[in-house]
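Asks: Here's my sequence, what's the structure:
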Amino acid sequence: MSTQADVEVSYDVSNEFFRLWLDKNMNYTCGLFEGTDNLEEAQTKKLNWLHAAAHVSPDKRLLDIGCGWGACIEYMARLKGVRDVTGITLSRAQHAEIERRGIPGVAAQCISYVDFVPEKRFDALVSICMMEHIATPQQVRKGEHIALYRDYFRRCWEWTTPGSWFGLQTILRNRVPRNREHLRDIGWVTYEIFPGGLSLRLEDIVMAVNPYWEIMEIQTRREHYQQTCAEWLRRLRDHEGEVRARWGDKVFVDYDRYLATCVTGFENHYQSLAQYALRRVD
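Replies: Alright, predicted model coming up:
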């Protein structure tokens, strides 16, 4: 799995850097562009879908696994009235941002999911593009990934009460590029921007959820993630001068290449995105 050092390569460039080109709440995952071309609205629609998938209500205890800078847990607490929300992240910069927000009813821990031991069980789970950090490319090549994913789902089962639902979102890897430049760029993103992790295949989830969770719904959102990344890229380029001045030319060049590669990847079906509604097997 990704180490804390790996995660901090991906997410600890600077909170202010990410604030420049993400939406105002700092969602760093695919938005849902249904009936809108506005990134802020698309991210809210994504969170609303996951809220419904996890069957969250104000009286339920909710856990967000890999909570990022707190966009989802803040949405659940402030907009949906959930009174008891916990988020975990392995990024110290993300945890600091959550603490800065001071969200009522929200507790956050900077901890790996493998070390997390809740005091009480949760009634609902959400996890947005965190599973990509569970298995390294080397572990996938060795065929060890399904067991690691199944262990994750086992932990999620143990953390929850009977009748719980789980709103899950993962990036998918679909086709291997036949274009050498595209293949080189995707490999570069894998090892330079997100070291220690790898996106999943849809069948990985189908195999690994058993015997702990039942898949009740799957939605694929490839074109939505293409549009999300294109908007991030546009916003990054709008701030090119500031990024180069504050964080250096390399940061701008690397992130420009990374986001452009993502747009290409989703456009060409190299990558996709899936959202799942999972029900606990009791």
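Asks: C-alpha from now on. contacts and neighbour counts both.
Replies: OK.
Asks: is it true that residue 159 touches residue 125?
Replies: No - between residue 159 and residue 125 there is no contact under Cα atoms under 8 Å: 9.1 Å.
Asks: Compare neighbour counts for the two and give me the winner.
Replies: A side-by-side neighbour count of residue 159 and residue 125, using other Cα atoms under 10 Å, places residue 125 first with 28 against 20.
Asks: what about the more buried one, distance to residue 115?
Replies: Applying Cα to Cα, to the nearest Å, the value for residue 125 to residue 115 is 17 Å.
Asks: Same question for residue 184.
Replies: Relative to residue 115, and taking Cα to Cα, residue 184 is found at 35 Å.
Asks: got the phi/psi numbers for residue 170?
Replies: Phi and psi for residue 170, reported as degrees, to the nearest 10, are phi -140, psi 150.
Asks: I misspoke; the intended subject was residue 61.
Replies: The phi/psi pair for residue 61 (degrees, to the nearest 10) is phi -80, psi 120.
Asks: Kindly report the same for the one 4 residues further on.
Replies: Backbone dihedrals for residue 65, given as degrees, to the nearest 10, come out at phi -90, psi 110.
Asks: go on, residue 216?
Replies: Here residue 216 shows phi and psi, under degrees, to the nearest 10, equal to phi -100, psi -30.
Asks: Touching, it and residue 276? I think so.
Replies: Yes - contact between residue 216 and residue 276 holds when scored by Cα under 8 Å: they sit 7.5 Å apart.
Asks: With neighbour numbers in mind, choose between those two.
Replies: residue 276 (21 against 11).
Asks: Now do the SS call for the more buried one.
Replies: Classification of residue 276 by DSSP: H, G, I helix; E, B strand; the rest coil places it in strand.
Asks: residues contacting it?
Replies: Applying Cα atoms under 8 Å, 6 or more residues apart in numbering, we find residue 276 in contact with 53, 166, 167, 168, 169, 215, 216, 217, 218, 219.
Asks: among those, who's most crowded?
Replies: residue 166 leads those on contacts (other Cα under 10 Å) with 31 neighbours.
Asks: In a helix, that one, correct?
Replies: No - judged by three-state DSSP, residue 166 forms no part of a helix; its state is strand.
Asks: any idea of the pLDDT on it?
Replies: For residue 166, the pLDDT comes out at 98.
Asks: Kindly report the same for residue 12.
Replies: 74.
Asks: hang on, isn't it packed against residue 94?
Replies: Yes - between residue 12 and residue 94 a contact is recorded at 7.5 Å, counting by Cα under 8 Å.
Asks: Show me which of those two is the more surrounded one.
Replies: A direct count of neighbours by other Cα under 10 Å for residue 12 and residue 94 places residue 94 higher, at 24 against 17.
Asks: Need the nearest residue in space to the more buried one, chain neighbours excluded.
Replies: Spatial nearest neighbour of residue 94, excluding adjacent residues (Cα to Cα, 6 or more residues apart in numbering): residue 69 at 4.5 Å.
Asks: Contacts only, for the one you found.
Replies: Each residue near residue 69 by Cα under 8 Å, 6+ apart is listed here: 26, 27, 94, 95, 97, 98.
Asks: Pull the distance from the helix or strand hosting the last one to the chain's centre.
Replies: The reference is to residue 98. Assigned by DSSP states H and E, residue 98 belongs to helix 92-101. How far helix 92-101 lies from its chain's middle: 16 Å, per Cα atoms, centre = their mean, to the nearest Å.
Asks: bridging residues for residue 272?
Replies: Under DSSP bridges, the beta-bridge partners of residue 272 are residue 172.
Asks: wait, doesn't it sit right on residue 175?
Replies: No - counting by Cα under 8 Å, residue 272 stays clear of residue 175, with 9.6 Å between them.
Asks: The two: who's more crowded?
Replies: residue 272 (27 against 13).
Asks: Distance check, the more buried one against residue 110.
Replies: To residue 110, residue 272 is 29 Å away according to Cα to Cα.
Asks: Kindly report the same for residue 275.
Replies: From residue 275 across to residue 110, the span is 25 Å (Cα to Cα).
Asks: pLDDT score assigned to the closest residue in space to residue 118 that isn't next to it in sequence?
Replies: In space, and not counting its chain neighbours, residue 118 is closest to residue 159: 7.0 Å by Cα to Cα, 6+ apart. Residue 159 is assigned 98 on the pLDDT scale.
Asks: Double-check that residue 226 belongs to a helix.
Replies: Yes - remark: residue 226 belongs to a helix, assigned using three-state DSSP.
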